[in-house]
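Enquirer: what shape does this take:
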Amino acid sequence: REQKKLKLTWYNTWSTIVKDSSAVNLNPHQFCQTKFIEDWWCELKHQPKMAFYRSVKTEFGEEPYLSLPNKEQRSKIAQLRSSSHDLHVEKGRYTTNRYNRALKACRFCCSSDRDTLQMFESLPFFEDPIVEDEGHALTECVGYHHIRINLSENLKSLIMMREYGAIMGSYHLPEFGRYLVASYNHRNPPKTA
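Expert: Next comes the predicted model:
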């Protein structure tokens, strides 16, 4: 009663939760969890950067890749899922001209000369360069073909069909993790002295 008299914010919030949860026949814990998941999913739907994440995350809960014993594989899968990787589509978001598609061009499929790409982009007949995004890097890019051909046929099929959600919940996770690590190492070869 004393909390009610003090009109504390947390008490008012909790009172609202208790009232709302009883209106939908849920206990307060279930109500908070359901409300959190609904808000989480709504936020995901409205963030363009999270498009790839939505393709792999179809329900709320702990992900199987977190149980992989190899830290580097877990890390690369997490980076891919959350678009915190080093592909040009992501790096290009944080440049001064983030709408310039030439800055997001694939490092293997397009000219590495950004100035030339930008000059061509200004021409009326020029089509957009191939953007180095998750889908392109995983399925189409010729720069990773030598890595893709060594994958199991089943995983190759899932990748080519862009069934990333199925991969994330399957026994292919360790192999997929190795593929991501090899792809990263190919993009970022060690510096020689």
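
Enquirer: can you give me the helices in the chain?
Expert: Remark: helices assigned in the chain by DSSP state H are 2-6, 9-23, 28-45, 51-56, 71-81, 88-91, 114-121, 134-135, 145-148, 153-160, 164-168, 173-187.

Enquirer: right, and these - which one's nearest N100?
Expert: N100 lies closest to helix 114-121 among those, at 6.8 Å (C-beta to C-beta). Every residue, glycine included, has its C-beta placed from N, CA and C.

Enquirer: follow-up on the earlier one: of the helices of the chain, which is nearest Y99?
Expert: Closest to Y99 of the helices of the chain, according to C-beta to C-beta: helix 114-121, at 11.1 Å.

Enquirer: ok, back up a step: and the helices of the chain as TSV, adding mean neighbour count, distance to R101 and mean pLDDT?
Expert: Below are those laid out as TSV (neighbours: other C-beta atoms under 10 Å; distance: least, C-beta to C-beta, whole Å; pLDDT from 0 to 100):
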stretch	mean neighbour count	distance to R101	mean pLDDT
helix 2-6	9	56	59
helix 9-23	12	45	72
helix 28-45	12	24	84
helix 51-56	16	16	87
helix 71-81	18	21	95
helix 88-91	19	9	86
helix 114-121	14	7	60
helix 134-135	18	15	92
helix 145-148	14	23	96
helix 153-160	15	24	95
helix 164-168	18	23	91
helix 173-187	18	19	96
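
Enquirer: output those as a markdown table; include the columns distance to C106.
Expert: What follows is these, written out as a markdown table (distance: least, C-beta to C-beta, whole Å):
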| stretch | distance to C106 |
| --- | --- |
| helix 2-6 | 59 |
| helix 9-23 | 49 |
| helix 28-45 | 26 |
| helix 51-56 | 16 |
| helix 71-81 | 16 |
| helix 88-91 | 7 |
| helix 114-121 | 11 |
| helix 134-135 | 11 |
| helix 145-148 | 13 |
| helix 153-160 | 17 |
| helix 164-168 | 19 |
| helix 173-187 | 11 |
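
Enquirer: looking at the ones you listed, which is closest to N97?
Expert: helix 114-121 (9.0 Å).

Enquirer: returning to that earlier point: out of the helices of the chain, flag the one nearest P64.
Expert: helix 173-187 (6.1 Å).

Enquirer: quick one: that closest one to helix 153-160, angle?
Expert: Here the directions of helix 173-187 and helix 153-160 differ by 60 degrees (axes from the mean of the first three to the mean of the last three C-alpha atoms, to 10 degrees).

Enquirer: what lies in contact with helix 173-187?
Expert: With contacts defined as C-beta atoms under 8 Å, 6 or more residues apart in numbering, helix 173-187 is touched by 64-65, 68, 70, 72-74, 76-77, 80, 85-86, 107, 137, 143-144, 147-148, 151-152, 155, 167.

Enquirer: ok, the residue lying closest to S84 once chain neighbours are set aside to M168 distance?
Expert: For S84, ignoring the flanking residues on the chain, the nearest one in space by C-beta to C-beta, 6 or more residues apart in numbering is E90 at 7.2 Å. Going from E90 to M168 by C-beta to C-beta, to the nearest Å gives 19 Å.
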